[in-house]
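1. No sequence on hand, only this structure:
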């Protein structure tokens, strides 16, 4: 029967863990078994770190819990647990950021808008891909809003939102594409006004 808290999701690794645990229970201090156990746990720790890199906090946490149960002093375990804690914090911040984004709170309130939560997540882990993707979604939403104002001929408000969107992150492709599209709105509006003016003059309505 598996030892409580000593269950690994990989069947082959789990069988090896049970074999080594049983052997050490019968012959505590067996150097060969301890060496084999250390090698196994280091392999599991490497898997946990890869899962953390991928953002799989639940699976990584399961592996680290097993290691903690078997050998809480394993080299590298503390570092991995710190990384997992950071990942969980980032996940919570991004969840709050997504909720704010869906409700249209891009920038305000200053301490609970979508941009605030994503920036906090980037501060916790500057290499976090989900955090960078979150910034991208915020920028795209702000650009979309700007274009909606432009289509309603409110170019001043549209310009303001594009300016705010440009400050979200370094990548400006979405913003620049929107500026080009907004210029086409302006040209179309100017052409429309010119035609109306000509029509009014032709009708004698100066």
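-> Structure received. As the structure is a prediction and not an experimental result, all values here were calculated from the model.

2. Quick check: which ranges of the chain have low pLDDT?
-> 1-5, 191, 194, 196, 202, 206 (pLDDT under 70).

3. helices or strands next to the helix or strand encompassing residue 34 in the packing?
-> Following DSSP states H and E, the helix or strand that holds residue 34 is helix 31-54. On a contact count with 3 or more CB pairs under 8 Å, 6 or more residues apart in numbering; DSSP states H and E, helix 31-54 meets helix 11-26, helix 57-70, helix 77-102. No exception for glycine: its C-beta is placed from N, CA and C like everyone else's.

4. in that helix, what counts as buried?
-> 33, 36-37, 40-42, 44-45, 47-49, 51-52 (16 or more other CB atoms under 10 Å).

5. will you turn the residues you listed into a markdown table that also has distance to residue 17?
-> Shown next, in a markdown table, are those (distance: CB to CB, whole Å):
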| residue | distance to residue 17 |
| --- | --- |
| 33 | 11 |
| 36 | 10 |
| 37 | 8 |
| 40 | 6 |
| 41 | 8 |
| 42 | 13 |
| 44 | 8 |
| 45 | 13 |
| 47 | 13 |
| 48 | 14 |
| 49 | 18 |
| 51 | 18 |
| 52 | 21 |
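
6. Residue 184: which of the residues you listed is nearest?
-> Minimum distance to residue 184 across the buried residues of helix 31-54 is 45.6 Å, recorded for residue 52 (CB to CB).

7. The closest one: what's it in contact with?
-> Contact partners of residue 52, counting by CB atoms under 8 Å, 6 or more residues apart in numbering, are 60, 80, 83-84, 87.

8. Give the buried residues for the host helix or strand of residue 198.
-> Per DSSP H and E: residue 198 is located in helix 173-202. Judged by neighbour count using 16+ other CB under 10 Å, the buried positions of helix 173-202 are 174-175, 178-179, 182, 185.

9. cool, and stretch 106-123?
-> By neighbour count on 16+ other CB under 10 Å, the buried set for stretch 106-123 is 106-107, 113-122.

10. what about that stretch, start to end distance?
-> End-to-end distance for stretch 106-123: 18 Å, by CA to CA, to the nearest Å.

11. neighbouring contacts of that stretch?
-> With contacts defined as CB under 8 Å, 6+ apart, stretch 106-123 is touched by 89-90, 93-94, 96-98, 100-101, 105, 128, 130-132, 134-135, 138, 141-142, 145, 164, 168.

12. can you list the buried residues of stretch 106-123 in CSV and add secondary structure and distance to residue 75?
-> Output for the buried residues of stretch 106-123, formatted as CSV (DSSP: H, G, I helix; E, B strand; the rest coil; distance: CB to CB, whole Å):
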residue, secondary structure, distance to residue 75
106, coil, 44
107, coil, 45
113, coil, 42
114, helix, 40
115, helix, 39
116, helix, 37
117, helix, 35
118, helix, 34
119, helix, 34
120, helix, 31
121, helix, 29
122, helix, 30
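
13. Thanks again, I'm all set now.
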